[in-house]
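> Here's my sequence, what's the structure:
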Amino acid sequence: MIVKSLDPRINRAALDDERTDGVQTPMDQFETYEVFQQIKRGTHHTHVGTVHAPNEELALIFAKEQFCRRGTSVNIWIVRTDNIYTTPYEDADMFETSTYKDYREPDAYKVMDRIQAFKERTKA
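Predicted structure coming up:
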């Protein structure tokens, strides 16, 4: 059956709907790699972007060409995107801080009882 479209270019091509040339197979696309760049020795690496490559060696070359060609850089890291683990947004409560901070105040330490007990033991 011929595909009917509002686009005249599609109708001229006479494409049928049983063709499989537009169907993507697994591993049809390259893997993605996250790129981290270090601008100056001793500083932190910062995320600068993503590259698509078939393997780690080419990902390193693509990252160098894409992100380090014009600017100064002393080191880059590439990490397969699948290897990065992130926390789900539902677990945001793990980043909340405790409101209990009595340990910062001297009143929170009940040592006078211990001091008095020590003094009474040493008197005898």
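> In this structure, mark out all the strands, start to finish.
With DSSP state E as the criterion, the chain has strands at 31-38, 46-53, 75-80.
> Please identify the most buried of those.
Stretch with highest mean neighbour count among those: strand 31-38 (a mean of 18; mean count of other Cβ atoms under 10 Å). No exception for glycine: its C-beta is placed from N, CA and C like everyone else's.
> before we move on, back to that, can you tell which of the strands of the chain is closest to Y103?
Closest approach to Y103 among the strands of the chain is made by strand 46-53 (35.3 Å; Cβ to Cβ).
> Pull the residues that contact that closest one.
Applying Cβ atoms under 8 Å, 6 or more residues apart in numbering, the contact partners of strand 46-53 are 29-39, 59, 61-63, 66-67, 78, 81.
> now with 6 Å?
F30, T32, Y33, E34, V35, F36, Q37, A59, F62, A63, Q66, F67 (Cβ atoms under 6 Å, 6 or more residues apart in numbering).
> Return the member of these nearest to D93.
Nearest to D93 among the contacts of strand 46-53, with distances taken as Cβ to Cβ, is E34, at 26.6 Å.
> lowest-pLDDT helix or strand in this structure?
helix 8-13 (a mean of 61; mean pLDDT, DSSP states H and E).
> Can you add distance to V111 and mean pLDDT and give the strands of the chain back as CSV?
Converted to CSV, the strands of the chain look like this (distance: least, Cβ to Cβ, whole Å; pLDDT from 0 to 100):
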stretch, distance to V111, mean pLDDT
strand 31-38, 49, 94
strand 46-53, 47, 94
strand 75-80, 50, 95
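> Please name whichever of those is nearest to A117.
Nearest to A117 among the strands of the chain is strand 46-53; the distance by Cβ to Cβ comes to 56.3 Å.
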